[in-house]
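Student: would you be able to build a 3D model of this:
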Amino acid sequence: MGTRSIIAITNPDFMISAIYCQLDGYPSGVGKLLLNHYTNPDDITRLMGLGDLSWLGDKPEDPGDLWEREKLFYALDHEDWSKAFNEYWADVSRYCKSYATATRHRSERMFPKPLPRAEFDQAVDDSIMIAYVYLWDGSQWRYKHRGDGFAPLTREVVEDEA
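Tutor: Have a look, this model is predicted:
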């Protein structure tokens with residue numbers, strides 16, 4: 001589902017770096033993946049290095065060469081296409097899909113540079129597109145829904161929201 005979100009980190013200089021994520025931005029989607037797979041600073045750094053995303057996977061990498069397999073499906077009939085796509089999806093859905101490797105979605109980054117906290121907050125509050133914002137504060141994930149304040153992202157939040 002196209003629930004848009006922002007994934008952000010607080011840098012050592014207190015500036016905010018952020019990436020956009022197009023799909024599954026609700027707490028039981030992106031929030032759950034962040035809690036389960038992105039609490040190690042190295043993994044968070046690798047994730048942020050991918051830039052804006054179509055979707056977040058549980059691995060902080062984009063297997064760009066696997067995306068090329070998608071082009072092969074168009075030559076198959078419907079039944080073969082469905083089977084091939086299901087096998088393909090099982091391979092790639094665990095990875096992040098970065099706009100950097102998605103030729104259909106190449107665009108300007110939503111947040112191309114770090115922003116001071118007040119400017120970042122204003123930018124996400126002004127956006128009608130963004131439903132959820134996730135912020136790594138250096139020790140935990142925090143989240144907010146449109147117009148709300150930030151709260152800790154917990155297992156209870158992602159399970160209650162499901």
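
Student: so, low pLDDT: which residues of this structure?
Tutor: 1, 64-79, 81, 101-108, 161-162 (pLDDT under 70).

Student: check the secondary structure at residue 45 for me.
Tutor: Following DSSP: H, G, I helix; E, B strand; the rest coil, the label given to residue 45 is helix.

Student: residues near residue 61, how many?
Tutor: 15 (other CB atoms under 10 Å). Glycine gets a C-beta too; all of them are placed from N, C-alpha and C.

Student: just read off the phi/psi values of it.
Tutor: The phi and psi values for residue 61, taken as degrees, to the nearest 10, are phi -150, psi 160.

Student: outline the domain layout of this protein.
Tutor: Per automatic domain parsing, the structural domains of the chain span 5-60+98-161, 62-95.

Student: burial check on residue 99, number of neighbours?
Tutor: 22.

Student: same check, this time on residue 6
Tutor: Residue 6 is flanked by 26 other residues according to other CB under 10 Å.

Student: for it, which non-adjacent residue is spatially closest?
Tutor: Leaving out its chain neighbours, the residue that sits closest to residue 6 by CB to CB, 6 or more residues apart in numbering is residue 133, at 4.6 Å.

Student: confirm that that neighbour sits in a strand.
Tutor: Yes - Residue 133: assigned to a strand according to three-state DSSP.

Student: isn't it right next to residue 16, touching?
Tutor: No - the criterion here is CB atoms under 8 Å, and residue 133 misses it with residue 16 at 10.0 Å.

Student: pull out the buried positions in the helix of greatest length in the chain.
Tutor: As assigned by DSSP state H, the longest helix anywhere in the chain is helix 78-92. For helix 78-92, burial by neighbour count (16 or more other CB atoms under 10 Å) applies to 88, 92.

Student: would you mind writing the CA trace of it as CSV?
Tutor: Taking Å, rounded to 0.1, in the frame of the first residue of the first chain, the C-alpha atoms of helix 78-92 are listed here in CSV:
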residue,chain,number,x,y,z
HIS,A,78,0.1,-15.1,-17.5
GLU,A,79,0.5,-18.4,-15.6
ASP,A,80,4.2,-18.6,-16.2
TRP,A,81,4.6,-14.9,-15.4
SER,A,82,2.8,-15.3,-12.0
LYS,A,83,5.0,-18.2,-11.0
ALA,A,84,8.1,-16.5,-12.1
PHE,A,85,7.2,-13.3,-10.4
ASN,A,86,6.4,-15.1,-7.1
GLU,A,87,9.8,-16.7,-7.1
TYR,A,88,11.4,-13.4,-8.0
TRP,A,89,9.5,-11.6,-5.3
ALA,A,90,10.6,-14.1,-2.6
ASP,A,91,14.2,-13.3,-3.6
VAL,A,92,14.1,-9.5,-3.7
